[in-house]
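Asker: I'll drop the sequence and a predicted model, then ask my questions.
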Amino acid sequence: MKKFRKIAYLFFITLLLVSCTMKESKKSNDDTLNDSIISMGEMYMLLGTNTSAEGSKGIYVYKIDTDTGESEKVSMVDVANPSYLVISPNEKFVYSVGIDDKNGYAHSFSFDKESGNLTLLNSQLTVGRGPTYITLNAKGNNVITANYSGGSISQFNVNSDGTLSPLSNLFQFEGKGTHPKRQLQPHLHSVRYSPDGSFLFAADLGTDKVYRYKTVQSVFEGQPALLENDTTVFMTPEGTGPRHFDFHPNGLYFYLLGELSGEVIVYDYNMGDLQQKQIILADSVRAGGSADIHVSPNGRFLYASNRLQEDGIAVFAIDPQDGTLTKIGYQLTGKHPRNFAITPSGKFLLVASRDDNVIQVFAIDKKTGMLQDTKQDIFIDKPVCIKFTRLN
């Protein structure tokens, strides 16, 4: 009997060990599977620059290995001050804003994936001065720019060959905020479509407002892409200076960065509606230069850049239950991190440090969200925008 109990006990222990081994093996396989899902390999990286500085000429195209962070230059195209870019859904065209001594423009480029070359197709006047942001709807047939100096947004129809029609509509804003120098008039700084494309949101730094427009799904020549008679205004706290915003990948949360306040405002998002739920400081020295904001592809972390003093990236953990933020760290960067971007793989965060003429490549710790400088700097004059797209 004792012998039988001993054999049974050994058998039980063996089964337990096998079970644990299988679980560990499954966990290891799952981790490998997850890594293989997010691995993107080589991609194109498009860089917009300020061309007022000697040496910078326009938009630069690089190849970047999103698994290692290594990169190499491929091509460039001359264009004045392409400070923000957007890539068409079919990835055959690229659109940028641009500014010369007198006017603001929206530019259209064809993008040859075989060679990596951009070719200017045409340019249209935005009419609104100082365009700083450009976006494109999911169908790729409508382009919108945010015009900072003009306090307006411009609409362009996209032709079948990727070119832009002349300005279709100009939406002019009015009002001012409480800041005695920087809020004397509207300053539209960014425009983005909601994840489902039903709405377009516009952040007005000059009046502490976020506008929401219902969109027209089928846009014809001369027809507005936005319904002016279906506009909702969301007020932010005085002195916020709304600049950029991002949606959580699950579509339930909206994160707004105030350039002047240095704060991130967290909203619940539901079919176009915004309900404020949290305000948290990103810029602890309150330098009034917060710039860009992005949620990591896995939805676990949020990053916000700050300029003028203590230039760097604030790092936040996102509560998976309600989307609220907890500040967990701060990564110093080069001077004036106007824009940054996270690789689609979620492995690297690249910072365009404009005034140090460098793009810094930081590795993202997938468990903690913290950043580590890989020292794989990309030296380029006055970088201000980073976008990624597939090789083919």
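Answerer: Done, it's in.
Asker: any idea of the pLDDT on residue 307?
Answerer: Looking at residue 307, its pLDDT is 98.
Asker: ugh, wrong one, residue 55
Answerer: Listed pLDDT for residue 55 reads 82.
Asker: ok so it is a strand residue?
Answerer: No - read with DSSP: H, G, I helix; E, B strand; the rest coil, residue 55 is coil and lies in no strand.
Asker: correct me, but it touches residue 381?
Answerer: Yes - Residue 55 is within contact range of residue 381, at 4.1 Å (criterion: C-beta atoms under 8 Å). In short, each C-beta sits where N, CA and C put it, glycine included.
Asker: quick one, which of those two is more surrounded?
Answerer: Shown here are residue 55 and residue 381; by other C-beta atoms under 10 Å, residue 381 has more neighbours (17 against 10).
Asker: So which residues of the stretch 151-300 of the chain form strands?
Answerer: Under the criterion DSSP state E, counting those that start in this stretch, strands of the stretch 151-300 of the chain are mapped to 152-157, 169-172, 188-193, 199-204, 209-215, 226-235, 242-247, 253-258, 263-270, 273-281, 290-295.
Asker: So what are the sheet partners of the last one and their directions?
Answerer: With DSSP bridges as the criterion, the sheet partners recorded for strand 290-295 are strand 301-306 (antiparallel).
Asker: Give the pairing partners of the following helix or strand past the strand it pairs with; include direction for each.
Answerer: Next along the chain after strand 301-306, taking DSSP states H and E as the criterion, comes strand 312-318. Looking at strand 312-318 with DSSP bridges, its partner strands are strand 301-306 (antiparallel), strand 325-332 (antiparallel).
Asker: Highest mean neighbour count out of those?
Answerer: A comparison of the strands paired with strand 312-318 by mean neighbour count, using mean count of other C-beta atoms under 10 Å, puts strand 301-306 on top with a mean of 28.
Asker: can I get the CA coordinates of that one in CSV?
Answerer: The C-alpha coordinates for strand 301-306 follow below in CSV (Å, rounded to 0.1, in the frame of the first residue of the first chain):
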residue,chain,number,x,y,z
PHE,A,301,1.6,54.4,-22.2
LEU,A,302,1.3,58.0,-23.2
TYR,A,303,4.1,60.4,-24.1
ALA,A,304,4.1,64.2,-24.3
SER,A,305,6.9,66.5,-25.4
ASN,A,306,7.9,69.8,-23.8
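Asker: if we can go back for a sec, let me have the strands of the stretch 151-300 of the chain in a markdown table, adding mean neighbour count and distance to residue 349 as columns.
Answerer: Converted to a markdown table, the strands of the stretch 151-300 of the chain look like this (neighbours: other C-beta atoms under 10 Å; distance: least, C-beta to C-beta, whole Å):
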| stretch | mean neighbour count | distance to residue 349 |
| --- | --- | --- |
| strand 152-157 | 24 | 29 |
| strand 169-172 | 16 | 33 |
| strand 188-193 | 24 | 19 |
| strand 199-204 | 25 | 22 |
| strand 209-215 | 21 | 25 |
| strand 226-235 | 14 | 28 |
| strand 242-247 | 23 | 14 |
| strand 253-258 | 26 | 16 |
| strand 263-270 | 21 | 17 |
| strand 273-281 | 15 | 19 |
| strand 290-295 | 24 | 8 |
